[in-house]
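In: Structure for this input, please:
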Amino acid sequence: MSDDADVIVVGAGLAGLRAAHVLNDAGRRVVLVDSSPRVGGRLASREVDGHVLDRGFQLINPAYPELAASGVMDDFDLRRFSSVVRFTDGDTSFELGDPRRDPRRAWTALRHPDLGVTDALKLGFALGVLRFSSAAAIVKGPDLATRDALRRLRVSERAIDGVVAPFLRGTLLDDDLATSWHYSALVLKSFTRGRPGTHPRGVAALADAFASRLTSTTLRLGETVRRVSAHSVHTEGARYDARAVIVATDATSAHSLLAIPDPGWRAQTTWWLSLPRVPDATQLRIDTRRRFLSSALDLASAAPERAPLGRSLIGASANGEFTADHDAAVRDDVARLYGVPVREVDLIARDVVAKALPVLGLPLDLHRSSERDGVIVAGDFLQTPSIQGALVSGRRAARRALVRSVAGGQ
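Out: Numbering: from 1, shown residues only. A predicted model of the protein is given here:
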């Protein structure tokens, strides 16, 4: 069996969907192939006992430039969370937020025992600069590990360990802050410009929004790709020919198909817990006592549809892979953080995601493109391990494929 197209895209995650989206809008005939029966790749959601659970802890930040440029957010039902982060042990809380939205936050932040006036001024100034700097300006110059860059900014170790690291570790999946400072700076910039949110149907709704726009794209789901070349893709039962081929899988799958380097993965475990509806719970909560969890958030506080009526849905995450041995302690942590008896906290599921984010090495290179034996490669591992990185990589791959499709593959 053969199915001719202008471009074949292997992988229906965000990078592949964005590539197909750009090609679709340019009027090209696209075949999009994926071994999964659904689109989205690592963006996956499911329903369990009336709760909508994502595959791991995932939020959508509308401030990502590529996400805004795609147009899919125009009619996307994004429910935003508070811009305030609550550091709490269950008894005492310290809230950090943007003082431009609420000037009182400047005073409440200083109540944090690890954030003195000098550190607050340094961090506030750095965030202000990042907010109004372009991505090109942020990544200019030598790159450092995030902890080393903060030290160079003369932020104290106490503020790094007590404020910055707890805030970033859940996003970077990096407890040591060894991740590229250039990337961390881009992440911080995105937080100053937009409030992350969720969809009533979970993070998978974002992938569905891209897929719904692929009017001239043929989806071939549930087909495992065995071999690729510059102009053909072989699956278990079919061959597809085209003027250009894009491999937009994760790094490990791309390595198996094209022998390109695999940077490795960072793991995350997320516990999903149900408890009686908690008021005023739209803030991300960071545990200052046991410090095992990287973060906890009530998804139903912004999207009540994600839990049964009158219930909160808490996503509580930790970096790494953990077993059921930790379930009881996590229930205790969540009960303490939200001020409810442990008996009222029900564990719905525990998601262990070994391949949550690709490892990002130093230095960050936002201009990296990849091609192997005439096959165009896309994926967040070539940019940044984020929604933004996946979408940018997909767009760039599509533009390269457009040139080839016009040239007849020459």
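In: Based on its surroundings, how many neighbours for residue 325?
Out: Neighbours of residue 325 under the rule other C-beta atoms under 10 Å: 7. Quick note: C-beta positions are derived from backbone N, CA and C, even for glycine.
In: Assumed it was part of a strand.
Out: No: assignment of residue 325 by DSSP: H, G, I helix; E, B strand; the rest coil gives helix, placing it outside any strand.
In: correct me, but residue 311 touches residue 298?
Out: No: using C-beta atoms under 8 Å, residue 311 is not in contact with residue 298, being 9.9 Å away.
In: out of the two, which sits in the busier spot?
Out: Legend: neighbour count by other C-beta under 10 Å for residue 311 and residue 298, higher for residue 298 (27 against 19).
In: So the more buried one sits against residue 282, correct?
Out: Yes: with contacts counted by C-beta under 8 Å, residue 298 reaches residue 282, the gap being 7.2 Å.
In: just the helices in this protein please.
Out: Secondary structure of the chain (DSSP state H): helices at 14-25, 65-70, 105-109, 117-131, 135-138, 146-152, 157-159, 165-172, 181-193, 204-211, 251-258, 327-338, 387-406.
In: for the ones you listed, which one sits closest to residue 271?
Out: When the helices of the chain are compared by C-beta to C-beta, helix 327-338 sits nearest residue 271, at 4.8 Å.
In: in the protein, which helix or strand is least confident?
Out: helix 105-109 (a mean of 57; mean pLDDT, DSSP states H and E).
In: By mean pLDDT, show me the worst of the helices of the chain.
Out: Among the helices of the chain, helix 105-109 has the lowest mean pLDDT, at a mean of 57.
In: who's in contact with the spatially most central residue of the chain?
Out: By C-alpha atoms, centre = their mean, the mean C-alpha position of the chain lies nearest to residue 386, the distance being 4.3 Å. In this structure, residue 386 makes contact with 64, 187, 380, judged by C-beta atoms under 8 Å, 6 or more residues apart in numbering.
In: Now it: phi and psi?
Out: Dihedral angles phi and psi of residue 386 (degrees, to the nearest 10) take the values phi -160, psi 170.
In: any idea how far residue 203 is from it?
Out: Distance, residue 386 to residue 203, using C-beta to C-beta, to the nearest Å: 13 Å.
In: Not counting residues beside it along the chain, what's closest to residue 138?
Out: Of all residues not flanking residue 138 in the chain, residue 185 sits nearest, at 4.9 Å (C-beta to C-beta, 6 or more residues apart in numbering).
In: Tell me, how many residues neighbour that neighbour?
Out: 23.
In: got the end-to-end distance for stretch 190-206?
Out: End-to-end span of stretch 190-206 (C-alpha to C-alpha, to the nearest Å): 18 Å.
In: quick one: contacts of it?
Out: Applying C-beta under 8 Å, 6+ apart, the external contacts of stretch 190-206 come out as 14, 38, 40, 43-46, 52-55, 58-64, 72, 76-83, 98, 127, 130-131, 208, 299, 302-303, 305-306, 387-388.
In: just stretch 330-337 next, same as before
Out: 88-90, 271, 273, 275, 285, 287, 289-290, 292-293, 296, 314, 316, 318, 341-342, 344-345, 347.
In: Quick one: buried ones out of these?
Out: The neighbour count (16 or more other C-beta atoms under 10 Å) marks 88, 90, 271, 273, 275, 285, 287, 293, 296, 314, 316, 318, 345, 347 as buried among those.
In: so the last one touches residue 270, yeah?
Out: What that stands for is residue 347. No: look at residue 347 against residue 270 with C-beta under 8 Å: they stay out of range, at 11.5 Å.
In: domain parsing for this protein?
Out: By the assignment in automatic domain parsing, the chain contains the domains 5-44+203-263+362-406, 45-80+197-202+265-358, 114-193.
In: In a markdown table: the ones you listed, plus distance to residue 94.
Out: Listed next are those as a markdown table, based on distance: least, C-beta to C-beta, whole Å:
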| stretch | distance to residue 94 |
| --- | --- |
| domain 5-44+203-263+362-406 | 27 |
| domain 45-80+197-202+265-358 | 8 |
| domain 114-193 | 8 |
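In: Just name the most buried of those domains.
Out: Mean neighbour count (mean count of other C-beta atoms under 10 Å) peaks for domain 5-44+203-263+362-406 among the domains of the chain, with a mean of 21.
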